[in-house]
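Engineer: Here is the input, now give the coordinates:
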Amino acid sequence: MKHLLKIVAFSLLLFCSCGPTSRITSSWKAPDVQAKKYTKIVVLGLIRDADRTVREKMEQHMVGDLKELGYDAVCSCEEYNPKAFEGLNEKEAIAKLRNSGVDAVLTVTLLDKQKEKYYVPGRMTNSSYYVYHNSFYGYYQTINERIYSAGYYVIDTKYFWESNFYDLVSNSLLYSVQSQSFDPASTESLSHEYGQIIVKDMLTNKVLANQKNETLKAM
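Structural biologist: Next up, the predicted model:
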């Protein structure tokens with residue numbers, strides 16, 4: 001019976017660890033927004049230098065998801081250097097983007113990153129009086145197993161994200177979404193999952209359209 005319980009617990013752990021680690025907490029779109037064909041969308045990660053790898057992966061995966069829909073998209077990490085917009089005012093920054101043929105910007109912002117450390121006991125035992133207090137050896141055996149069963153510490157990481165989509169022709173915000181990612185397995189899986197859920201939500205809200213499908217219909 002104990003062996004069976006261990007197998008069930010291990011299976012549940014595997015199932016949970018393979019599930020999605022990111023979820024949208026809220027999203028907004030401008031009234032009467034309609035998907036349209038953009039000439040060039042730049043994905044811009046606003047993430048501190050210490051998490052540069054996360055920024056690059058986030059941008060790359062988002063670009064890949066946009067290209068899957070038929071949009072021309074580029075990473076800011078490949079198109080511009082990290083200091084490209086420092087010291088520029090709004091007019092100059094937008095002009096710099098437009099001069100590169102960009103007419104829309106999708107930001108990926110890491111609002112906060114929290115780590116939580118907690119202790120997982122090696123063995124949890126019910127301390128019911130009648131189970132082991134009634135005899136010396138019952139008490140000794142139960143407590144001895146508990147104190148010598150090694151526990152361990154686990155550190156979980158939670159990310160808080162925000163993405164905004166701007167139309168540079170009208171210079172207006174069309175879409176904003178907030179989300180959370182909890183203890184992702186890797187930067188690669190985090191970026192892959194984030195790009196998918198955000199782009200899917202933009203499709204659902206008709207901020208973007210599947211340009212490839214529309215091209216096929218028109219043929």
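Engineer: who's in contact with the residue lying closest to residue 162 once chain neighbours are set aside?
Structural biologist: If the residues on either side of it in the chain are set aside, residue 162 comes closest to residue 109, at 4.6 Å by C-beta to C-beta, 6 or more residues apart in numbering. In short, each C-beta sits where N, CA and C put it, glycine included. Shown in contact with residue 109 (C-beta atoms under 8 Å, 6 or more residues apart in numbering): 45, 46, 47, 161, 162, 163, 164.
Engineer: Name the secondary structure element that contains residue 109.
Structural biologist: Using DSSP states H and E, residue 109 maps to strand 104-120.
Engineer: OK, contacts around the residue positioned nearest the centre of the chain?
Structural biologist: Centroid-nearest residue in the chain, with C-alpha atoms, centre = their mean: residue 194, separated by 4.0 Å. Counting by C-beta under 8 Å, 6+ apart, residue 194 touches 22, 58, 61, 62, 108, 161, 179, 181.
Engineer: Mind telling me what element it is part of?
Structural biologist: Following DSSP H and E, the helix or strand that holds residue 194 is helix 187-204.
Engineer: Please state the offset of that helix from the chain centre?
Structural biologist: Here helix 187-204 is found 7 Å from its chain centre; the criterion is C-alpha atoms, centre = their mean, to the nearest Å.
Engineer: now swap in stretch 60-77 and tell me
Structural biologist: Relative to the centre of its chain, stretch 60-77 is centred 16 Å away, using C-alpha atoms, centre = their mean.
Engineer: Figure out the length between the terminal residues of stretch 35-55.
Structural biologist: End-to-end distance for stretch 35-55: 26 Å, by C-alpha to C-alpha, to the nearest Å.
Engineer: those helices in the protein, which residues are they?
Structural biologist: Remark: helices assigned in the chain by DSSP state H are 2-17, 52-68, 76-79, 90-99, 129-132, 136-147, 187-204, 211-218.
Engineer: tell me the angle the longest one makes with helix 52-68.
Structural biologist: Yep, that's helix 187-204 we're talking about. 40 degrees (axes from the mean of the first three to the mean of the last three C-alpha atoms, to 10 degrees).
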